[in-house]
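>>> Build the 3D model from these lines:
(one chain, ligands or ions: 2)
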Amino acid sequence: MTRKELFKNTLRKSVHAWKLINELPLSDDESLMLRHFMDQPGFLDLHWRMFVPAIKGQGTEEQKQKWLPLANKMQIIGCYAQTELGHGSNVQGLETTATFDPQTDQFILHSPTQTSSKWWPGGLGKVSTHAVIYARLITDGKDHGVHGFIVQLRNMDDHSPLPGITIGDIGVKFGNGAYNSMDNGFLMFDKFCIPRDQMLMRLSKVTREGKYVPSDVPRQLMYGTMVSVRQTIVSNASIAMARAVCIATRYSAVRRQFGSQNGGIETQVIDYKTQQNRLFPLLASAYAFRFVGEWLKWLYTDVTQRLEASDFATLPEAHACTAGLKSMTTSATSDGIEECRKLCGGHGYLWCSGLPELFAVYVPACTYEGDNVVLQLQVARFLMKTVSQLGSGKAPAGTTAYMGRAKHLLQCRSSIRKAEDWLNPAMVLETFEARALRMAVSCANNLSKFENQEQGFSELLADLVEAAIAHCQLIVVSKFIVKLEGEIKGKGVKNQLKNLCYIYALHLIHKHLGDFLSTNSITSEQASLANHQLRSLYTQVRPNAVALVDAFDYTDHYLGSVLGRYDGNVYPKLFEEALKDPLNDTVVPDGYHEYIRPLIKQHLRSARL
Ligand SMILES: CC(C)(COP(=O)(O)OP(=O)(O)OC[C@H]1O[C@@H](n2cnc3c(N)ncnc32)[C@H](O)[C@@H]1OP(=O)(O)O)[C@@H](O)C(=O)NCCC(=O)NCCSC(=O)CCCCCCCCCCCCCCC(=O)O
Ligand SMILES: Cc1cc2nc3c(=O)[nH]c(=O)nc-3n(C[C@H](O)[C@H](O)[C@H](O)COP(=O)(O)OP(=O)(O)OC[C@H]3O[C@@H](n4cnc5c(N)ncnc54)[C@H](O)[C@@H]3O)c2cc1C
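Ligands and ions are numbered 1, 2, ... in the order given. Here you go, the predicted structure:
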């Protein structure tokens, strides 16, 4: 399809989804899944995932009563317009202004520079009638920083942009992927006025007289929508990784290459240790991210309930965990989808394998909702603060509780003596805790050598990111172990999940061996025992690998992959797909007579001469 056709088809699907949601007796979760599945990625996603939550989180009761009924009935369609051409990561650097005019009791929205143009918001370019706009609030000449405003963008009768608004789509994005069904847009204001009551005033407000009343709660609650989406992105990473691994595992069981004895059947590529070494850690990651996503959803729900009671104690932890796990899981999943493409050899590069499309749609997850490095730096800041408080009498809690055992973890030596010890949850956990703590303390010690902490932080950014990643990987490993300690139904399921848990943990030790050795968390001999155990675990997972991906229960339609078909009937279906290509509509291609024939004939003429 052309971009316009793709876009219009997404509108059709989204409206169809909305019709079904209103007609079918669906639970909230079912309607959420239907919205995402039918619309992925499209304007519905951002309306429900960001526009509505922003109003719920930052609007007053009156504002919620006014706007949510319209949004819930989709009588207005909204987007989340924060990022600008010149600023995305640095929210406090946004340039759009909202200047209060006491004469008219209005805010004047303006885009003072080209870099202040809103740029990227999904659904902004062509669909949304409204937006939550983030702009610098100015009253009486004083800049109070970035705040949220609900703004009507288009005429509700003919959908034309309102006077003072220039709006459009930012153009084609990466690959031929479905993300081009999304109208990520640009928006400029030219002294565009909105009523004062359209500033989202649950956190801070402006009185009729133009007096700014700052928030009496942490200003970062304004970022709450981003935190909630980061939490969902972790679960979605598990879904995307599972889709890719399902395709690659099923195909690896179908594909045979080399290894035939005396003209016998060739070897399934899934039996090659290199294939297992690349594939099974990704299979383990799909399960690991699902379990940590379940825990993160609990953490987010818990912090949301606490915030309702003005309890901000766990807000820093929630921010650090959502930021760090969103960063770590999306980076791993993007790399994992590409690895799954390579695991499928040449056929993985075909569009009908489903992997190029999955990759094209998935990879922006490393950037949207926060660049992955910027988010890990937020985790690093949280860790440095925690380390600085060790010994203050304030015991670290939650995911940093292990730091409370710093004295032991800084000097302990791993007691791994044989390969089987690497199946001991306490030993594995302590290895990851020691590595994470020692990396964090090393950063803190190096930071302390700088007189200027900010300068030190800037100098040590790369080390800080690695310490943050080590902390996040510890969280994932620990939540997998906790999951195994709980009730798991199904004969033999627990054993298989145990294998996957230790494949996940031990492959990380292998991948980040430098960290573990340089922090003396393990010795090279213990590392060798870990590799030995890893190979043994691959052998144990191999007979169940296809069952473990079948367990994701994805339909062939959802997978969209000839290689990942449940029936394994790959080769005939590859031909079937190939023959559908428009190039095969004729045996002699368009262009032969204009270009190929003259070339060949010229060659023949010169050959005769
Ligand atoms: C956090 C920032 C980087 C910096 O912010 P500040 O400059 O304001 O803060 P400081 O760094 O100075 O820190 C001060 C202080 O505040 C704390 N802090 C910071 N942020 C938070 C927070 N969010 N919560 C709580 N506390 C916070 C910080 O720790 C400091 O504390 P201390 O002083 O104690 O140290 C900020 O600038 C920032 O967040 N930048 C990133 C910007 C960003 O994320 N933009 C996103 C824009 S919206 C977007 O991108 C939308 C994309 C959506 C795309 C679609 C989504 C799809 C979802 C998944 C797909 C599902 C598909 C389903 C289908 C299926 O299921 O199959
Ligand atoms: C598909 C897609 C959909 C999007 N949808 C929306 C939406 O609906 N609404 C919305 O508001 N926005 C949206 N965005 C914008 C997105 O949120 C931003 O692009 C994202 O936050 C990254 O910000 P940036 O583009 O400014 O990156 P930058 O910060 O410019 O990143 C560029 C490089 O600089 C590095 N960097 C930046 N700051 C630092 C630092 N302090 N220290 C070290 N390195 C640093 C980064 O790591 C990165 O390598 C979307 C983006 C995409 C790709």
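>>> What's the per-residue pLDDT of residue 250 here?
Confidence at residue 250, expressed as pLDDT, is 98.
>>> Remind me which helix or strand the residue nearest to residue 281 when sequence neighbours are not counted belongs to.
Ranked by C-beta to C-beta, 6 or more residues apart in numbering and with sequence neighbours excluded, the top spatial neighbour of residue 281 is residue 507, at 3.8 Å. The C-beta positions use only the backbone N, C-alpha and C, and glycine is treated the same way. Take DSSP states H and E as the rule and residue 507 turns out to sit in helix 493-511.
>>> Return the list of helices and strands in contact with that helix.
Judged by 3 or more C-beta pairs under 8 Å, 6 or more residues apart in numbering; DSSP states H and E, helix 493-511 is in contact with helix 273-308, helix 425-447, helix 461-485, helix 524-541.
>>> Give me the pLDDT for the residue nearest to residue 281.
Looking at residue 507, its pLDDT stands at 98.
>>> where do the strands sit along the stretch 101-250 of the chain?
Applying DSSP state E, counting those that start in this stretch to the stretch 101-250 of the chain gives strands spanning 106-110, 118-119, 130-139, 142-152, 165-169, 185-189, 192-195, 205-206, 212-213.
>>> Okay, buried residues for the longest one please.
Same thing as strand 142-152. 144, 146-152 (16 or more other C-beta atoms under 10 Å).
>>> Go through those and name the one nearest residue 292.
Ranked by distance to residue 292 (C-beta to C-beta), those are led by residue 148 at 29.9 Å.
>>> Show me where the protein dips below the pLDDT cut-off.
Applying pLDDT under 70 to the chain flags the ranges 35-41, 176-177, 609.
>>> if you set the cut-off to 80 instead, what comes out?
Per-residue confidence for the chain (pLDDT under 80) gives these ranges: 28-29, 31-43, 175-178, 602-609.
>>> Contact residues of it facing ligand 1?
Listed as neighbours of ligand 1 in the chain under the rule C-beta under 6 Å from any ligand atom: 36-37, 40, 45, 49, 80, 82-83, 88-92, 122, 220, 223, 226-227, 229, 232-233, 236, 239, 315-316, 319, 368-370, 374, 378, 381-382, 385.
>>> out of those, who's near ligand 2?
80, 82-83, 88-89, 122, 368, 370, 374.
>>> List buried residues within the residues of the chain next to ligand 1.
Buried subset of the residues of the chain next to ligand 1 (neighbour count, 16+ other C-beta under 10 Å): 36, 40, 45, 49, 80, 82-83, 88, 91, 122, 220, 223, 226-227, 229, 232-233, 236, 239, 315-316, 319, 368-370, 378, 381-382.
>>> Closest one of the buried residues of strand 142-152 to ligand 1?
Each of these was scored against ligand 1 by C-beta to the nearest ligand atom, and residue 146 proved nearest at 8.0 Å.
>>> For that closest one, list each beta-bridge partner.
For residue 146, the beta-bridge partners are residue 136 (DSSP bridges).
>>> which residues does it contact?
Contacts for residue 146 (C-beta atoms under 8 Å, 6 or more residues apart in numbering) come out as 91-92, 94, 134-137, 222.
>>> likewise residue 334?
359, 362-363, 365-366.
>>> Let me know the helix or strand that it is in.
Assigned by DSSP H and E, residue 334 belongs to helix 315-343.
>>> any idea how far that helix is from the chain center?
Relative to its chain's centre, helix 315-343 lies at 6 Å (C-alpha atoms, centre = their mean, to the nearest Å).
>>> From here on, call the first residue 174.
Understood, numbering begins at 174; the last thing we discussed is helix 488-516.
>>> Now do the buried residues in it.
Under the neighbour-count criterion of 16+ other C-beta under 10 Å, helix 488-516 has 488-507, 509-514, 516 buried.
>>> show me the contacts for residue 539.
Residues in contact with residue 539, defined by C-beta under 8 Å, 6+ apart, are 500, 503-504, 507, 545.
>>> Distance check, residue 464 against residue 577.
24 Å (C-beta to C-beta, to the nearest Å).
>>> Between these two, point out the one with more neighbours.
residue 464 (22 against 15; other C-beta atoms under 10 Å).
>>> can you pull the contacts of the more buried one?
The contact partners of residue 464, by C-beta under 8 Å, 6+ apart, come to 652-653, 656.
>>> Can you report how many residues lie near the nearest residue to it once chain neighbours are set aside?
Counting by C-beta to C-beta, 6+ apart, residue 464 lies nearest to residue 656, which is 4.4 Å off, once chain neighbours are set aside. For residue 656, the count of nearby residues is 19 (other C-beta under 10 Å).
>>> how close does the residue nearest to residue 537 when sequence neighbours are not counted sit to residue 525?
If the residues on either side of it in the chain are set aside, residue 537 comes closest to residue 352, at 6.6 Å by C-beta to C-beta, 6+ apart. Computed as C-beta to C-beta, the residue 352 to residue 525 distance reads 19 Å.
>>> So those two - more neighbours on which side?
For residue 352 versus residue 525, neighbours defined as other C-beta under 10 Å are more numerous around residue 352 (22 against 19).
>>> contacting residues around the more buried one?
Contacts of residue 352 by C-beta under 8 Å, 6+ apart are 214, 346, 533-534, 537.
>>> picking that back up, next helix or strand past the helix holding residue 680?
helix 686-691.
>>> So which elements touch that following helix?
Secondary-structure packing of helix 686-691 (3+ C-beta pairs under 8 Å, 6+ apart): helix 598-620, helix 697-714.
>>> buried stuff in the longest one?
Judged by neighbour count using 16+ other C-beta under 10 Å, the buried positions of helix 598-620 are 598, 600-617, 620.
>>> list the buried ones in the helix or strand following that helix?
Next in sequence after helix 598-620, counting helices and strands by DSSP H and E, comes helix 626-632. Judged by neighbour count (16+ other C-beta under 10 Å), helix 626-632 contains these buried residues: 629-630.
>>> just the contacts of residue 464 now: which is nearest ligand 2?
When the contacts of residue 464 are ranked by distance to ligand 2 (C-beta to the nearest ligand atom), residue 652 comes first, at 26.2 Å.
>>> contacting residues for that closest one?
Applying C-beta under 8 Å, 6+ apart to residue 652 gives the contacts 461, 464-465, 468.
>>> Then residue 681?
The contact partners of residue 681, taken as C-beta under 8 Å, 6+ apart, are 605, 646, 650.
>>> make it 6 Å
The contact partners of residue 681, taken as C-beta atoms under 6 Å, 6 or more residues apart in numbering, are residue 646.
>>> now do residue 275
Taking C-beta under 6 Å, 6+ apart, we find residue 275 in contact with residue 383.
>>> before we move on, back to that, between the helices and strands packed on helix 666-684, which one is nearest to residue 628?
Closest approach to residue 628 among the helices and strands packed on helix 666-684 (C-beta to C-beta): helix 598-620, 9.8 Å.
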